[in-house]
Each structure stands twice: as C-alpha cells, then as structure tokens.
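1. Just the structure for this:
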Amino acid sequence: MNQEDEKKRILFIEDNPSLRELCAYYFEKAGFQIDAAAMGVDGIKAALESAPDLIVLDIALPDMSGMDVLTRLRLSEGTRNIPVVIITAFESEENRGRAARDGVKKFMIKPVSLMGLLEVVRSALEGQMDTELAP
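-> I've put the predicted structure just below:
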C-alpha cells in the first residue's frame with residue numbers, strides 16, 4: 001500500500017470559500033485527502049460517492065441547514081457511521097441537542113483555530129473522542 005492509499009479522506013461542507021480553501025490547504029499539508037462542497041446537496045452527494053473518513057460540517061449553508069444535511073447522512077446506510085464535526089457561528093441549544101442525538105463528535109463555534117480543528121479531527125479519527133458538545 002502506498003502512502004497515498006493510507007491518507008484519511010476529510011469532506012468539508014462549508015459555504016465560505018476562504019475558510020473552505022484554507023482548511024483544505026492546511027489539512028492537505030497535514031497529510032489528509034480533501035474533498036469540499038459549498039452546498040448541502042453537493043456535500044451529501046460527495047459523502048455518498050467518496051465515503052470520507054470524517055466530515056466537517058457547517059450549519060449555515062445556502063441551500064439547506066447543515067442539521068438537515070446531518071439527518072440525511074445519518075439515514076443513509078453508507079454514511080450513517082461517518083464521524084462528523086460541526087463548525088458554526090450560530091450556537092443554539094436546539095442544534096446542540098440534534099447534534100448529540102445524531103452522534104456528532106464535536107460542536108465547535110467559529111472562529112475556530114485550524115490547529116484546534118486538526119486536533120479534534122485526529123482525535124475523532126483515532127476513536128479517542130466521545131461525543132463532546134460542551135462549548
């Protein structure tokens with residue numbers, strides 16, 4: 001198996017192009033394969049097609065709520081067990097509750113540090129992170 005085959009695949013579903021590109025660059029430099037989508041529908045399609053190892057999901061997307069994306073991912077056999085980390089500027093108890101019910105690994109409030117996000121992603125991929133929804 002070559003080094004490329006060993007890379008974990010991360011899907012970023014984020015509508016902010018600057019943040020999406022910055023995360024992609026940073027995570028590629030850290031050794032991950034990156035897929036990205038700006039819309040919820042495109043993110044769901046990408047998740048079904050590429051079977052990422054982890055999804056980083058924004059809640060405020062232009063075409064649908066990230067929470068609705070999460071629900072659809074959890075309903076599909078191929079994506080229901082993929083770990084999800086939520087990043088959002090909009091914190092609400094309702095979203096935290098839905099995230100907890102759907103097994104989100106971490107609920108992070110923007111702005112997020114790239115180093116902090118990378119640590120969360122690595123922990124989630126290594127199975128060392130229980131669902132953590134506290135701020």
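2. So which residues of the chain form helices?
-> Remark: helices assigned in the chain by DSSP state H are 3-6, 17-29, 40-50, 66-75, 93-101, 114-125.
3. residues making contact with the third one?
-> For helix 40-50, the surrounding residues in contact (C-beta atoms under 8 Å, 6 or more residues apart in numbering) are 9, 11, 13, 35, 37, 52, 55, 57, 61, 63-66, 68-69, 72-73, 76, 78-79, 82. Where you see a C-beta, it was placed from the backbone N, CA and C, and this is true even at glycine.
4. Tell me which residues of that helix come out buried.
-> Across helix 40-50, burial judged by 16 or more other C-beta atoms under 10 Å covers 40, 42, 43, 44, 46, 47.
5. cool, the last one as well?
-> By neighbour count on 16+ other C-beta under 10 Å, the buried set for helix 114-125 is 117, 118, 120, 121, 123, 124, 125.
6. That one to helix 17-29, inter-axis angle?
-> Orientation note: helix 114-125 sits at an angle of 60 degrees relative to helix 17-29 (axes from the mean of the first three to the mean of the last three C-alpha atoms, to 10 degrees).
7. ok, residues contacting helix 114-125?
-> Contacts of helix 114-125 (C-beta under 8 Å, 6+ apart): 8, 10, 22-23, 26-27, 30, 32, 53-54, 56, 83, 85, 87, 105-106, 108, 129.
8. re earlier: redo the helices of the chain as JSON lines? Include mean pLDDT.
-> Putting the helices of the chain into JSON lines (pLDDT from 0 to 100) gives the following:
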{"stretch": "helix 3-6", "mean pLDDT": "56"}
{"stretch": "helix 17-29", "mean pLDDT": "96"}
{"stretch": "helix 40-50", "mean pLDDT": "97"}
{"stretch": "helix 66-75", "mean pLDDT": "96"}
{"stretch": "helix 93-101", "mean pLDDT": "88"}
{"stretch": "helix 114-125", "mean pLDDT": "95"}
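9. Fine, thanks again, bye for now.
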